[in-house]
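Novice: return atomic coordinates for the entry below.
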Amino acid sequence: MQDFWNFAGHYWWLVFPLFGMTMGAINARVKHREVTARRRHKEQLELLAAQGGSPSAAEAPRAVEAGDAQQRAEQAHDEVTHRWLDYELDATKLITYPAMSDGRQPLTAAFLRAKKVADNLRPRPDETLPADRLREYRDAVTDYEVAFEVAERDARRVKDAAFSPDERKRLDTAKQLLTVATDQAATPNERQLAYRRVREELDGLIWLSDEAVDELEKKVALELPGPRSSPTPPDPAV
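Specialist: Residues are numbered from 1 along each chain as shown. Below is the predicted model:
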């Protein structure tokens, strides 16, 4: 210990350069940290600028994901509606599975209620739903899908079981007449007569929507294909 103090007494002047070296090292480390922090901050700003110029742009991936979810929900909504219209606009299917058009049937009534809810929650064109409304709309579409599946399965199971024997006979007659009414091989008068008979047989049994009637009348009014013209024989003088 005495040797140390003897050394310090003779070489005390070394304290100043050592102190300077130590402070220089500390300052260099602090400066390095500041430069690193500024560089990271600059990189974050550049990233935000590339995403749209504001911190909210960082939410862009979530917005894209929400947009995809909304689009899938709308597509599912359209698919169920298209399947329903296959019954609503096709008189043959309505005659075969009358429960699908009968709002008095509990399962059909439940399906129609679910359809109304989903239709009311559907976003307008070019509208992006917020998270809470999107969740509500997707749930409504799911309920719509399930209600349709249940109603369709039951309608295909029961068919015309809810009708009396005489009513089922009228339905069978209407189905046979419908084949004639939409047969291009039949004459226009035959098609029109069969169509009127179809409406008479279904009166009081099955309600046809205005759209279904329009579709049916278009099929009934189809023009018969014209006679094929014979090919013109070549002129022997040519």
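Novice: do a quick rundown of the helices in this structure.
Specialist: Taking DSSP state H as the test, the helices found in the chain are 2-10, 15-51, 60-88, 91-96, 106-121, 131-158, 165-181, 188-202, 210-220.
Novice: hey, least reliable of those helices by pLDDT?
Specialist: Note on those: helix 15-51 shows the lowest mean pLDDT, a mean of 51.
Novice: domain map for this protein?
Specialist: Segmentation of the chain into domains, based on automatic domain parsing, reads 65-161, 163-223.
Novice: so can I have JSON lines of those domains showing mean neighbour count?
Specialist: For glycine as for every other residue, the C-beta is placed from the backbone atoms N, C-alpha and C. Converted to JSON lines, the domains of the chain look like this (neighbours: other Cβ atoms under 10 Å):
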{"stretch": "domain 65-161", "mean neighbour count": "16"}
{"stretch": "domain 163-223", "mean neighbour count": "15"}
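Novice: any figure for the gap between residue 167 and residue 182?
Specialist: Separation of residue 167 from residue 182 (Cβ to Cβ, to the nearest Å): 23 Å.
Novice: alpha carbons of stretch 105-123, as PDB, please.
Specialist: Extracted in PDB, the C-alpha atoms of stretch 105-123 (Å, rounded to 0.1, in the frame of the first residue of the first chain):
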ATOM      1  CA  GLN A 105     -94.400 -23.400 -41.900                       C
ATOM      2  CA  PRO A 106     -92.300 -22.600 -38.700                       C
ATOM      3  CA  LEU A 107     -89.000 -23.400 -40.300                       C
ATOM      4  CA  THR A 108     -89.700 -21.500 -43.400                       C
ATOM      5  CA  ALA A 109     -90.900 -18.500 -41.300                       C
ATOM      6  CA  ALA A 110     -87.700 -18.700 -39.300                       C
ATOM      7  CA  PHE A 111     -85.600 -18.700 -42.500                       C
ATOM      8  CA  LEU A 112     -87.500 -15.600 -43.800                       C
ATOM      9  CA  ARG A 113     -87.000 -13.800 -40.600                       C
ATOM     10  CA  ALA A 114     -83.200 -14.500 -40.700                       C
ATOM     11  CA  LYS A 115     -83.100 -13.300 -44.300                       C
ATOM     12  CA  LYS A 116     -84.700 -10.100 -43.400                       C
ATOM     13  CA  VAL A 117     -82.200  -9.500 -40.600                       C
ATOM     14  CA  ALA A 118     -79.200 -10.200 -42.800                       C
ATOM     15  CA  ASP A 119     -80.600  -8.000 -45.600                       C
ATOM     16  CA  ASN A 120     -81.100  -5.100 -43.200                       C
ATOM     17  CA  LEU A 121     -77.500  -5.400 -41.900                       C
ATOM     18  CA  ARG A 122     -75.900  -5.800 -45.300                       C
ATOM     19  CA  PRO A 123     -73.600  -2.800 -46.000                       C
END
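Novice: which residues are contacting it?
Specialist: The set of residues external to stretch 105-123 that reach it, using Cβ atoms under 8 Å, 6 or more residues apart in numbering, is 70, 74, 77, 80-81, 84, 99-103, 129, 133, 136-137, 140-141, 143-144, 146-148, 150-151, 154-155, 162.
Novice: pretty sure residue 134 is touching residue 71, no?
Specialist: No. The criterion here is Cβ atoms under 8 Å, and residue 134 misses it with residue 71 at 10.8 Å.
Novice: any shared contact partners between these two?
Specialist: By Cβ under 8 Å, 6+ apart, no residue touches both residue 134 and residue 71.
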